[in-house]
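>>> Make a model of this:
(chains A and B)
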Number of protein chains: 2
Amino acid sequence: MTQAAEPHPALQNLEYEDGVLLWGGRKLTDVADELCGTPFYAYDRQRMSQRVQELRRALPEDLHLHYAMKANPMPELVAHMVGLVDGLDVASAGELQVALGTGVDPAHVSFAGPGKQDFELDAAIRAGINVNMESEGEMRRIAKLAAQINIQPSVAIRVNSPFELKTSGMKMGGRPSPFGVDAERVPAMLRQLKSLGLGFRGFHVYSGSQNLRVEAIQESMNSTVDLILELAGSTDLGVSFVNIGGGLGIPYFPKERPLDLDELSDTAEKAVRRLKQSLDDPEVIMELGRYLVGEAGIYVCRVIDIKESRGARYAITDGGLHHHLAASGNFGQVIRKNYPLAAVVRKKADTEITVVGPLCTPLDLLGDRVSIDHLEEGSLVAILQSGAYGKTASPTDFLSHPLCKEILI
Amino acid sequence: MTQAAEPHPALQNLEYEDGVLLWGGRKLTDVADELCGTPFYAYDRQRMSQRVQELRRALPEDLHLHYAMKANPMPELVAHMVGLVDGLDVASAGELQVALGTGVDPAHVSFAGPGKQDFELDAAIRAGINVNMESEGEMRRIAKLAAQINIQPSVAIRVNSPFELKTSGMKMGGRPSPFGVDAERVPAMLRQLKSLGLGFRGFHVYSGSQNLRVEAIQESMNSTVDLILELAGSTDLGVSFVNIGGGLGIPYFPKERPLDLDELSDTAEKAVRRLKQSLDDPEVIMELGRYLVGEAGIYVCRVIDIKESRGARYAITDGGLHHHLAASGNFGQVIRKNYPLAAVVRKKADTEITVVGPLCTPLDLLGDRVSIDHLEEGSLVAILQSGAYGKTASPTDFLSHPLCKEILI
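Next up, the predicted model:
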């Protein structure tokens, strides 16, 4: 099934020393020993730094980058990102706490997400971060809470755009959504916002994520700028920032190829120029999570048992969907496909084997008939592209197995 | 979409007091206050006891029932189950610890699961529980570990049967599987087991789960007995127990209907008789997880915001896929369908509304256009059929929201 002629891009430039896969310049066997065993996630600082450099090189220098912590909220990793990017986006009070712990300037932190609770809004207002409001109801709750503590909150409106970022091109029309405020309701909301005395800062538009088609991202950028200029024109409130979203994807599955950032340069340049010139020089922000950290992370587990059953070979590992739900194909995938897998220690020739976890369910499948270096009892197996939506997006308590570890290298 | 003419069976016999939904005889609004808020899972002892009584009434009295803890390992719940059933099945050392904590007799505890680690096997052997072996390699590791601590381990062989439990009837043929040992390899394994001096106790066959078709379960029971008798005939080792698996399903989705246990009586009676008479009166065990606790549990969350978007109405709650992944349709469902939902407080007429969680992802959908009593900000919403594969099968750290609570009533 996965005997693709060309190896996955994530497998093409791996570095080995003495036949052992390196991550962050270290042998993963040594990392396993240092952590007292498997399974673990390892995140490579250098890969994150390099990714941000690539973006800075291809995109206009006054397009600011925010890291969306939901992709990976490990505190050390967030602290590393703070040194690289221009701000953070948080999705809960829990993420806000981690963000503030890094010493980031609260003025460069935004909080988006439907269903923010009062205790979360209260914490956000007190911290002085920006709240991207998702509904008129939320705006009223913010006004009430802010009045109680006598602080003018910093707010933006998240807009449910009349278009969508689709891999199959743009879908016009405007769908209902729990996220953001329908564009057509924004002018009235701005009037209300003004009368409530909130500190308006700008707009947030997020049209989709994990896109590998440059044309779709370009179209979305252009439409987002059109939309924001139209909405800004409907009010006399000044716009000090515009978050145009992200959506840049990384290749996970066979045949997927990485984005060519250079193809985005012109569109991004034009988008930033239009916003800066038409409005009063607002900060323009691109919000990225997975794209910044997804390829910097690897998940490593150990083979507990090799078994044969009716002609098929299985490597049963100590890692599984309880640590890495997405790799098992149970996190939003309609059709399950394999993440790229590699043996940590290179041995003999390739073999075809199915890699599964230790859970008593057929869902616990990490690699279905993968072509991989020879595996045996005790071998380490690595799952690439695991830096985003890994540990925290997994049911870690499922079947009460030990937790996995995380290390930033 | 979900305006089924007939309400889901789980919604048909709900009890209310003063218009408030009761669970375990208590108003869920009171439970929410007692727990200092939502979201939470509440499990009703009485419903579990009743379910076991129904099984005892319909099935032969010498068919023993085991509770498979993987469905819900909450310690208080497991302790309650120990008072009702004849034994426990564990799937990890973590579950074993909880099992032993209830004071259950280790002789009535079995441990199944591929990829058992040495530390788990060691703990199991020392505790004197039964290990259902999943491969020849595991058998050798058990023999080695047992020799080191000089204890004769109690073992059974989990058999990968040559048939499968299918909702669409039995599929003959025998597929490769990471679970159990292929039936055709068992005779040789038994010879090896004998020479290794392990304490053989019996066989474990598990052909599938969550089945709502009586005929399929009947066929599976019959085939399982045939298989076990054949395998037992290939050895002179005595068989002291036989675990014939489970597979009984509960209705989750629209149009699904509960099993009629009476239709299983004859087949179960015959299965137990054949095994008892053909072998030397072994203990015959049925292993059930979801069927014992699934309908006893309810998940309750609170509406944070009601919003409209382009003609659709949304109730955004403080609960979501981070606590209840299965209800969001992301745990093994190919096509997402709604779990049965109810408003905790009955108000006015029905309304059609989409119930979502607070997470910044379209996956966080709890009820797609459900017909439900009027909801408003602050309303409590309950998801039925939530006693199994709920909290522990969910990515609780996703987006760093507060944990949900659990209570046994």
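
>>> Name the SS class of the residue lying closest to A:Met69 once chain neighbours are set aside, please.
Closest residue to A:Met69 apart from its sequence neighbours, by C-beta to C-beta, 6 or more residues apart in numbering or on different chains: A:Glu95 at 4.8 Å. Heads up, the C-betas are built off the backbone N, CA and C, glycines and all. Classification of A:Glu95 by DSSP: H, G, I helix; E, B strand; the rest coil places it in helix.

>>> give me every residue that touches A:Glu95.
Going by C-beta atoms under 8 Å, 6 or more residues apart in numbering or on different chains, A:Glu95 touches A:Met69, A:Lys70, A:Pro73, B:Leu399, B:Ser400.

>>> for A:Ile407, same thing?
Per C-beta under 8 Å, 6+ apart, neighbours of A:Ile407: A:Val31, A:Glu34, A:Leu35, A:Phe40, A:Tyr41, A:Ala42, A:Tyr43.

>>> Kindly report the same for A:Arg274.
Neighbours of A:Arg274 in contact, by C-beta under 8 Å, 6+ apart: A:Val225, A:Leu229.

>>> Could you report the neighbour count for the closest residue to chain B within the stretch 151-300 of chain A?
Closest residue of the stretch 151-300 of chain A to chain B, C-beta to the nearest C-beta: A:Pro176 (3.4 Å). Residues within reach of A:Pro176, counting by other C-beta atoms under 10 Å in any protein chain shown, total 15.

>>> and it, what helix or strand is that in?
Counting by DSSP states H and E, no helix or strand carries A:Pro176.

>>> Over to A:Ser234?
Going by DSSP H and E, A:Ser234 is not in any helix or strand.

>>> For the residue nearest to it when sequence neighbours are not counted, what is the enclosing helix or strand?
Spatially, and ignoring its direct neighbours in sequence, A:Ser234 is nearest to A:Pro187 (4.0 Å; C-beta to C-beta, 6+ apart). Here A:Pro187 sits within helix A:186-196, counting by DSSP H and E.

>>> What's the first helix or strand after the lowest-mean-pLDDT helix or strand in chain A?
Using mean pLDDT, DSSP states H and E, the weakest-scoring helix or strand in chain A turns out to be strand A:171-172, at a mean of 44. As assigned by DSSP H and E, the chain's next helix or strand after strand A:171-172 is strand A:181-182.

>>> Summarise which helices and strands that next one is packed against.
strand A:154-160 (3 or more C-beta pairs under 8 Å, 6 or more residues apart in numbering or on different chains; DSSP states H and E).

>>> What count of nearby residues applies to the residue nearest to A:Ser234?
13.

>>> My understanding was that it contacts A:Gly233; is that so?
No. Under the criterion of C-beta atoms under 8 Å, A:Pro187 is not in contact with A:Gly233, lying 9.4 Å apart.

>>> in stretch A:361-381, what counts as buried?
A:361, A:363-367, A:370, A:372-373, A:375, A:379-381 (16 or more other C-beta atoms under 10 Å in any protein chain shown).

>>> Around chain B, pick out the residues from the stretch 251-400 of chain A.
A:304-307, A:309-312, A:314, A:316-318, A:325, A:330-332, A:334, A:354, A:356-363, A:377, A:391-400 (C-beta under 8 Å from any C-beta of the partner chain).

>>> how's chain A carved up into domains?
A:3-43+A:295-408, A:112-288 (automatic domain parsing).

>>> Turn these into a markdown table, columns for distance to B:Asn243.
Below are the domains of chain A laid out as a markdown table (distance: least, C-beta to C-beta, whole Å):
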| stretch | distance to B:Asn243 |
| --- | --- |
| domain A:3-43+A:295-408 | 13 |
| domain A:112-288 | 38 |
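
>>> And the pLDDT for the residue nearest to A:Met69?
A:Glu95 is assigned a pLDDT of 98 by the prediction.

>>> Start and end of stretch A:81-100, how far apart?
13 Å (C-alpha to C-alpha, to the nearest Å).

>>> where exactly do the strands run in the stretch 201-350 of chain A?
Secondary structure of the stretch 201-350 of chain A, counting by DSSP state E, counting those that start in this stretch: strands at A:241-243, A:283-288, A:297-309, A:312-317, A:341-343, A:350-356.

>>> partners of the longest one in the sheet?
Partner strands and pairing direction for strand A:297-309 (DSSP bridges) are strand A:40-43 (antiparallel), strand A:312-317 (antiparallel), strand A:380-383 (antiparallel).

>>> what's the answer for the second one, then?
When sheet partners are counted by DSSP bridges, strand A:283-288 sits next to strand A:63-68 (parallel), strand A:241-243 (parallel).

>>> contacts for that strand?
A:55, A:59, A:62-68, A:86-87, A:89, A:202, A:206, A:240-246, A:248, A:268, A:271-272, A:275-276.

>>> ChimeraX command to pick out the buried ones of those residues?
Buried residues within the contacts of strand A:283-288, by 16+ other C-beta under 10 Å, are selected in ChimeraX with:
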select /A:55,59,63,64,65,66,67,68,86,87,89,202,206,240,241,242,243,244,245,246,248,268,271,272,275,276
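
>>> Give me the distance between the spatially closest residue to A:Leu321 that is not a sequence neighbour and B:Ser92.
The spatial neighbour of A:Leu321 that comes closest, neighbours along the chain excluded (C-beta to C-beta, 6+ apart), is A:Ser328 at 3.8 Å. Going from A:Ser328 to B:Ser92 by C-beta to C-beta, to the nearest Å gives 17 Å.

>>> Contact partners for the residue lying closest to A:Leu341 once chain neighbours are set aside?
Distances taken as C-beta to C-beta, 6+ apart put A:Gly367 closest to A:Leu341, at 4.5 Å, once the chain neighbours are dropped. Shown in contact with A:Gly367 (C-beta under 8 Å, 6+ apart): A:Thr2, A:Asn338, A:Tyr339, A:Leu341, A:Ile353, A:Thr354, A:Val355, A:Val381, A:Ile383.

>>> how about a cut-off of 10 Å?
A:2, A:315, A:317, A:327-328, A:338-341, A:353-356, A:381, A:383 (C-beta atoms under 10 Å, 6 or more residues apart in numbering or on different chains).

>>> Neighbour-wise, which one of those residues leads?
A:Ala327 (31 neighbours).

>>> gap between that one and B:Ala326?
A:Ala327 sits 19 Å away from B:Ala326, going by C-beta to C-beta.

>>> try A:Pro282
Taking C-beta to C-beta, one finds A:Pro282 at 43 Å from B:Ala326.

>>> A:Val78 too?
In terms of C-beta to C-beta, A:Val78 sits 30 Å off from B:Ala326.

>>> Buried residues of the lengthiest helix in chain A, list them for me.
Identified as the longest helix of chain A according to DSSP state H is helix A:214-232. For helix A:214-232, the neighbour count (16+ other C-beta under 10 Å) marks A:214, A:216-225, A:227-228, A:231-232 as buried.

>>> Would you point out the most distant pair within those residues?
A:Val214 and A:Ala232 (26.8 Å; C-beta to C-beta).

>>> picking up where we left off before, for the residue nearest to A:Leu341, pull up the helix or strand it's in.
Counting by DSSP H and E, A:Gly367 is part of strand A:365-373.

>>> same thing with A:Leu88?
Going by DSSP H and E, A:Leu88 is in strand A:87-90.

>>> Parallel or antiparallel, which strands does that strand pair with?
Strand pairing for strand A:87-90, using DSSP bridges, gives strand A:63-68 (parallel), strand A:109-111 (parallel).

>>> Pipe the buried residues of stretch A:361-381 into CSV and attach pLDDT per row.
CSV is the format used below for the buried residues of stretch A:361-381 (pLDDT from 0 to 100):
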residue, pLDDT
A:Thr361, 93
A:Leu363, 94
A:Asp364, 97
A:Leu365, 97
A:Leu366, 98
A:Gly367, 98
A:Val370, 96
A:Ile372, 95
A:Asp373, 95
A:Leu375, 96
A:Ser379, 97
A:Leu380, 98
A:Val381, 98
